[in-house]
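In: quick one: sequence and predicted model below, then my questions.
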Amino acid sequence: MDKRFRVLVADDSAFARRITVTSLANSEFDVVAEAKTDLEAIQKYKELAPDVVLLDIIMPEEGGTRALKDIIAINPKVRIVMLSSLGTEEAITESLSLGAATFLQKPFDSAGLLGTLRKIVGT
């Protein structure tokens, strides 16, 4: 796996961010930034233009759905994985209809996260 992918992890939970960053360690996915609000996620995306965004649905300010819309408006080809412990069919459907590549139910394990990311980047 020669190709490296830059990842933004956006979640209001420090614990969830730490688990996600740890899950990606020693893989082809390099975490380039973390965000704890939707507005911070949008700003970090503008600054860094990562290949993949891991985005929690429930976050302070206006939430992950707002960040999803704004980031897609910046780059319609960005690969965004929505994360949530809610996992309702409505949340999944809305995220996908707004342009998310996929949805991952929390809690997830490292293998599941890596498998999902590898699938959306085509490795």
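Out: That came in fine, so what should we check first? Residues are numbered from 1 along each chain as shown.
In: helix or strand: which one has residue 21?
Out: Secondary structure from DSSP states H and E places residue 21 in helix 14-24.
In: show me what the helix or strand that that helix is followed by is packed up against.
Out: Secondary structure here is assigned by DSSP H and E; on that basis, the next helix or strand after helix 14-24 toward the C-terminus is strand 29-35. Helices and strands touching strand 29-35, by 3 or more C-beta pairs under 8 Å, 6 or more residues apart in numbering; DSSP states H and E, are strand 5-10, helix 14-24, helix 38-48. Just so you know, the C-beta spots here come from the backbone N, C-alpha and C atoms, and that holds for glycine as well.
In: just those: most buried one?
Out: When neighbours are counted by mean count of other C-beta atoms under 10 Å, the highest per-stretch mean among the helices and strands packed on strand 29-35 falls to strand 5-10, a mean of 24.
In: next, the contact list for the spatially most central residue of the chain, please.
Out: What sits nearest the mean C-alpha location of the chain, by C-alpha atoms, centre = their mean, is residue 54, with 0.9 Å. Taking C-beta atoms under 8 Å, 6 or more residues apart in numbering as the definition of contact, the neighbours of residue 54 are 7, 8, 9, 10, 11, 20, 80, 81, 83, 104.
In: try residue 71
Out: With contacts defined as C-beta under 8 Å, 6+ apart, the neighbours of residue 71 are 41, 42, 45, 53, 55, 78, 80.
In: low-scoring stretches of this protein, by residue?
Out: Low-confidence segments of the chain, defined by pLDDT under 70, span residues 1, 87.
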